[in-house]
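have a look at this prediction, sequence included:
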Amino acid sequence: MNHKYEIIIYWSTDDNCFIAEVPELAGCMADGINYQEALTNIQVVIDQWIETAIELKRNIPQPKGKLMYA
């Protein structure tokens with residue numbers, strides 16, 4: 001549970017909660033009623049994402065660190 005993937009956390013007015021996304025892991029997202037809960041939840045989801053990828057024999061991207069956005 002000590003992964004080094006970049007996590008983006010932002011407030012969603014539509015969902016009325018914080019959203020956490022991991023851009024390097026397609027579809028890897030979680031939410032929480034506060035920032036810390038979103039961070040805790042995304043760490044669990046990252047583990048589940050990786051476990052599922054292993055079970056399905058899919059490629060697991062290596063963490064790249066800080067991503068650059070336009």
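Yep, that arrived.

now the residue positioned nearest the centre of the chain: how far from Asp47?
Of all residues in the chain, the one closest to the mean position by Cα atoms, centre = their mean is Val22, 3.4 Å from it. Separation of Val22 from Asp47 (Cβ to Cβ, to the nearest Å) stands at 11 Å. Backbone N, C-alpha and C define where each C-beta goes, glycine included.

in terms of secondary structure, what does the host helix or strand of Trp11 contact?
In the assignment (DSSP states H and E), Trp11 maps to strand 8-12. With contacts defined as 3 or more Cβ pairs under 8 Å, 6 or more residues apart in numbering; DSSP states H and E, strand 8-12 has these neighbours: strand 17-21, helix 35-55.

now that strand against strand 17-21, angle please.
For strand 8-12 against strand 17-21, the angle by axes from the mean of the first three to the mean of the last three Cα atoms, to 10 degrees is 150 degrees.

surely the residue nearest to the centre of the chain and Tyr5 touch.
Yes: the pair Val22 / Tyr5 is scored as a contact, 4.9 Å apart, by Cβ atoms under 8 Å.

mutual contacts of the two, please.
Listed as contacting both Val22 and Tyr5 by Cβ atoms under 8 Å, 6 or more residues apart in numbering are Ile46.

quickly list what Ile9 is bridged to.
Under DSSP bridges, the beta-bridge partners of Ile9 are Ala20.

dump the helices and strands packed on strand 8-12 to CSV, plus distance to Cys28, mean pLDDT and mean neighbour count.
Below are these laid out as CSV (distance: least, Cβ to Cβ, whole Å; pLDDT from 0 to 100; neighbours: other Cβ atoms under 10 Å):
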stretch, distance to Cys28, mean pLDDT, mean neighbour count
strand 17-21, 7, 98, 19
helix 35-55, 5, 98, 15
